[in-house]
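Colleague: Curious how this folds, go ahead:
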Amino acid sequence: MYLGWLLVIFCQCLVVFSHENDTLVAVQMLYRHGDRTPMAVYPNDPNKKLVYRETSSAQLTNKGKERQYKLGQWLRKRYNGFLPSKYSNSDIKILTDDEDRCFMSAMSNLAGLYPPKGQQIWNKDIKWQPIPVRFNLSLQTPENCPVYEDLSNKAELELFEDICSQHGDILEYLAEKTGAEINDMATLVYTIIDPLKCEEAQGLKLPKWTDTVYPKPLVDWVSLYYSLGTSSSKLAQFRIGPVFQSILDHFENVNEKVIMYSSHDSSLVDIVYTLQPNHPKFWPEFASVVILELWQNKDEEYVKLTLKRDNTIEEINIDQCGVKCNLEKFKKLVEPVALTLEKRQQLCKN
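Modeller: Numbering: from 1, shown residues only. Model (predicted):
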């Protein structure tokens with residue numbers, strides 16, 4: 001059983017080039033940054049000093065750098081032969097959100113994807129080469145956008161009220177143990193649950209009281225929280241619309257072989273739920289990646305969707321389209337959500 005699972009993972013890593021009469025044309029991927037420190041900690045957190053011993057809040061940790069480096073190595077194995085091992089700016093474009101951890105994750109990933117070889121070795125003692133990473137506004141949710149804020153706040157409030165009505169006893173327990181005032185989803189997620197996840201990733205011992213609530217049901221609540229971004233087509237437009245517009249533009253006019261987006265868990269799940277609304281709710285682990293591949297054969301062009309989380313790889317059936325989604329059908333599925341940054345800004349003013 002265990003050996004069989006290993007073979008599945010190995011084969012899925014290499015299957016990219018085994019399609020008879022089918023040719024891989026382009027790849028676009030969006031990954032969550034690597035492990036980071038918490039954005040905040042709850043008042044009674046016994047690890048509040050230890051968790052920041054390496055770096056300050058919301059910053060990439062050494063483990064996060066390593067995890068992204070290994071993802072880069074995995075991508076090299078998966079796409080070796082399609083993506084040349086020698087770096088060229090005509091082959092790949094790397095875009096990132098404007099957060100330190102996203103920039104640093106991209107750089108760590110590229111160190112694994114493109115170890116310098118031959119003439120690209122500039123220092124024999126350093127197995128690394130500089131590769132440009134660019135900020136892209138499409139990866140950010142809109143600022144100063146009352147329409148988006150109202151939609152988002154309403155969705156979060158409904159979820160929080162639902163949790164309160166069904167699990168009020170757990171919320172009281174959390175408030176007592178953490179010393180936090182839990183009045184909304186943001187506090188619950190970013191002040192309590194997220195620190196537990198980050199501390200666990202650092203190998204810190206969680207307090208005994210967490211045994212009855214973590215990972216379940218707390219992680220399930222975070223999964224529900226992140227599913228809100230696509231709970232309506234309008235919300236999805238504001239959150240992930242510009243990214244989908246970029247994806248469509250590139251598949252319609254392929255230049256680089258690979259477009260890589262360094263982003264967040266929220267963006268990753270927004271892509272998955274837009275393309276498959278019935279996908280089970282989940283909270284992506286650090287350095288999870290969603291991959292969109294454009295393939296071509298004599299009959300059609302089609303898109304494949306793959307999700308990699310830690311050591312699991314899942315080929316996802318695109319909604320009403322299947323594992324191999326005809327490109328024209330893919331466009332029709334995505335077009336109601338996709339929009340330019342300029343169009344999104346106009347919607348913010350309405």
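
Colleague: now the helix ranked longest in the chain, how far from the centre of its chain.
Modeller: If you go by DSSP state H, the chain has its longest helix at helix 146-178. Averaged C-alpha coordinates place helix 146-178 at 23 Å from its chain's average position (CA atoms, centre = their mean, to the nearest Å).

Colleague: Distance of the residue nearest to residue 147 when sequence neighbours are not counted relative to residue 144?
Modeller: Among residues not flanking residue 147 along the chain, residue 348 sits closest, at 5.8 Å (CB to CB, 6 or more residues apart in numbering). For the C-beta atoms, the positions are set from N, CA and C on the backbone; glycine is no exception. Plainly put, residue 348 is 7 Å away from residue 144 if you go by CB to CB, to the nearest Å.

Colleague: sorry, back to before: helices or strands next to the longest helix of the chain in the packing?
Modeller: In terms of contacts (3 or more CB pairs under 8 Å, 6 or more residues apart in numbering; DSSP states H and E), helix 146-178 is packed against helix 185-187, helix 218-226, helix 233-252, helix 341-349.

Colleague: isn't residue 344 right up against residue 242?
Modeller: Yes - between residue 344 and residue 242 there is a contact under CB atoms under 8 Å: 6.1 Å.

Colleague: Counting neighbours, go ahead and name the busier of the two.
Modeller: residue 242 (24 against 21; other CB atoms under 10 Å).

Colleague: residues in contact with the more buried one?
Modeller: 137-138, 338-341, 344 (CB atoms under 8 Å, 6 or more residues apart in numbering).

Colleague: could you redo the last one with a cut-off of 6 Å?
Modeller: Contacts were defined as CB atoms under 6 Å, 6 or more residues apart in numbering; by that measure residue 242 touches 138, 341.

Colleague: now swap in the one 3 residues further on and tell me
Modeller: By CB under 6 Å, 6+ apart, the contact set of residue 245 is 338-340.

Colleague: at 8 Å instead, please
Modeller: 138, 338-340.

Colleague: Excluding sequence neighbours, find me the nearest residue to it.
Modeller: residue 338 (4.3 Å).

Colleague: now do residue 39
Modeller: residue 58 (4.7 Å).

Colleague: Over to the one you found. Which of the three states is it?
Modeller: What DSSP: H, G, I helix; E, B strand; the rest coil gives for residue 58 is coil.

Colleague: Now do the buried residues in stretch 51-64.
Modeller: When burial is assessed from 16 or more other CB atoms under 10 Å, stretch 51-64 yields the following buried residues: 51, 55, 58-61, 63-64.
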